[in-house]
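K.L.:
missing the sequence, but the structure's below:
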């Protein structure tokens with residue numbers, strides 16, 4: 001039988017949990033990433049439809065874009081490869097498909113950097129000339145732990161899932177038990193989504209989710225809304 005992978009040191013595990021927490025002051029709780037518009041206009045209004053919607057978003061959008069960026073950015077940060085980091089960061093900004101999605105990654109990245117400055121002595125200098133997107137700022141913090149790129153992606157994805165469940169519980173609305181059932185499904189589907197993301201080369205990353213982009217654009221003028229996207 002193959003040897004089990006070495007356990008992540010407790011300090012690094014706790015740091016990843018911290019980075020993924022919705023309590024981190026980066027504003028992740030204030031975005032629904034198109035879900036609120038889907039609830040309003042696309043019939044995503046029950047536990048099964050929300051569950052399917054978020055699972056599709058995980059595999060078709062997050063895994064192919066932001067998770068793939070995190071997977072590539074963690075080793076780039078560890079190697080101090082500034083050119084690679086800047087290229088990945090530019091790709092994130094260039095592939096946001098709506099004004100709201102661009103605002104989200106800009107704002108969360110900026111807030112994450114401000115938090116990083118309190119916990120990493122070199123963060124201020126590193127980000128002085130790099131307006132970091134959220135995945136790039138997250139990867140910087142993860143690279144300062146002993147976590148693998150896969151571990152970092154797992155944490156990133158679970159943090160996303162918790163924020164999206166929070167949005168669904170408020171906006172559908174769903175009960176807490178329904179939210180936990182959906183979160184359980186996403187937790188089971190995150191590892192294969194991450195395993196796919198870490199295999200993607202530069203020319204295999206993509207951020208092409210037309211219906212999600214349309215819903216995000218509609219959300220910009222939605223009459224009544226709780227979330228910023």
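P.N.:
Structure received. All of these numbers come straight from a predicted model, not from anything done at the bench.
K.L.:
only C-alpha atoms for contact and neighbour calcs from this point on.
P.N.:
Noted.
K.L.:
quick one: buried residues of the strand or helix carrying residue 11?
P.N.:
With secondary structure defined by DSSP states H and E, residue 11 is part of helix 10-20. Of the residues in helix 10-20, those buried under the neighbour-count criterion (16 or more other C-alpha atoms under 10 Å) are 12-13, 15-16, 19-20.
K.L.:
from the residues you listed, which single one is nearest residue 211?
P.N.:
For the buried residues of helix 10-20, the closest approach to residue 211 (C-alpha to C-alpha) belongs to residue 20, at 26.9 Å.
K.L.:
so what's that closest one closest to, chain neighbours aside?
P.N.:
In space, and not counting its chain neighbours, residue 20 is closest to residue 159: 4.4 Å by C-alpha to C-alpha, 6 or more residues apart in numbering.
K.L.:
secondary structure class for the one you found?
P.N.:
helix (DSSP: H, G, I helix; E, B strand; the rest coil).
K.L.:
what residues are up against it?
P.N.:
Counting by C-alpha atoms under 8 Å, 6 or more residues apart in numbering, residue 159 touches 20-22.
K.L.:
can you pull out the helices in this protein?
P.N.:
Secondary structure of the chain (DSSP state H): helices at 10-20, 35-41, 47-57, 66-78, 82-94, 99-119, 123-126, 134-143, 149-171, 176-197, 210-219.
K.L.:
right, and residue 143 touches residue 77 too?
P.N.:
Yes - counting by C-alpha atoms under 8 Å, residue 143 does reach residue 77; the two are 6.4 Å apart.
K.L.:
the helix holding residue 11 vs helix 134-143, what angle?
P.N.:
Counting by axes from the mean of the first three to the mean of the last three C-alpha atoms, to 10 degrees, helix 10-20 lies at 160 degrees to helix 134-143.
K.L.:
which strands and helices sit next to helix 10-20?
P.N.:
Helix 10-20 is packed against helix 134-143, helix 149-171, with contacts defined by 3 or more C-alpha pairs under 8 Å, 6 or more residues apart in numbering; DSSP states H and E.
K.L.:
among the ones you listed, which is nearest residue 83?
P.N.:
Shortest distance between residue 83 and the helices and strands packed on helix 10-20, using C-alpha to C-alpha, is found for helix 134-143: 12.8 Å.
K.L.:
what mean pLDDT does the closest one get?
P.N.:
When pLDDT is averaged along helix 134-143, the result is 98.
K.L.:
next one: stretch 50-62
P.N.:
Within the predicted structure, the mean pLDDT of stretch 50-62 is 97.
K.L.:
could you check the pLDDT of residue 1?
P.N.:
Taking residue 1 on its own, its pLDDT is 43.
K.L.:
turn the helices of the chain into a markdown table, including distance to residue 28.
P.N.:
Conversion of these to a markdown table gives the following (distance: least, C-alpha to C-alpha, whole Å):
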| stretch | distance to residue 28 |
| --- | --- |
| helix 10-20 | 10 |
| helix 35-41 | 14 |
| helix 47-57 | 16 |
| helix 66-78 | 14 |
| helix 82-94 | 17 |
| helix 99-119 | 7 |
| helix 123-126 | 21 |
| helix 134-143 | 10 |
| helix 149-171 | 6 |
| helix 176-197 | 16 |
| helix 210-219 | 16 |
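K.L.:
what's the local residue count around residue 163?
P.N.:
Neighbours of residue 163 under the rule other C-alpha atoms under 10 Å: 22.
K.L.:
wait, what's in contact with the residue nearest to it when sequence neighbours are not counted?
P.N.:
Excluding its sequence neighbours, the residue lying closest to residue 163 (C-alpha to C-alpha, 6+ apart) is residue 29, at 5.3 Å. Shown here is residue 29, whose contacts under the criterion C-alpha under 8 Å, 6+ apart are 22, 163-164, 166-167.
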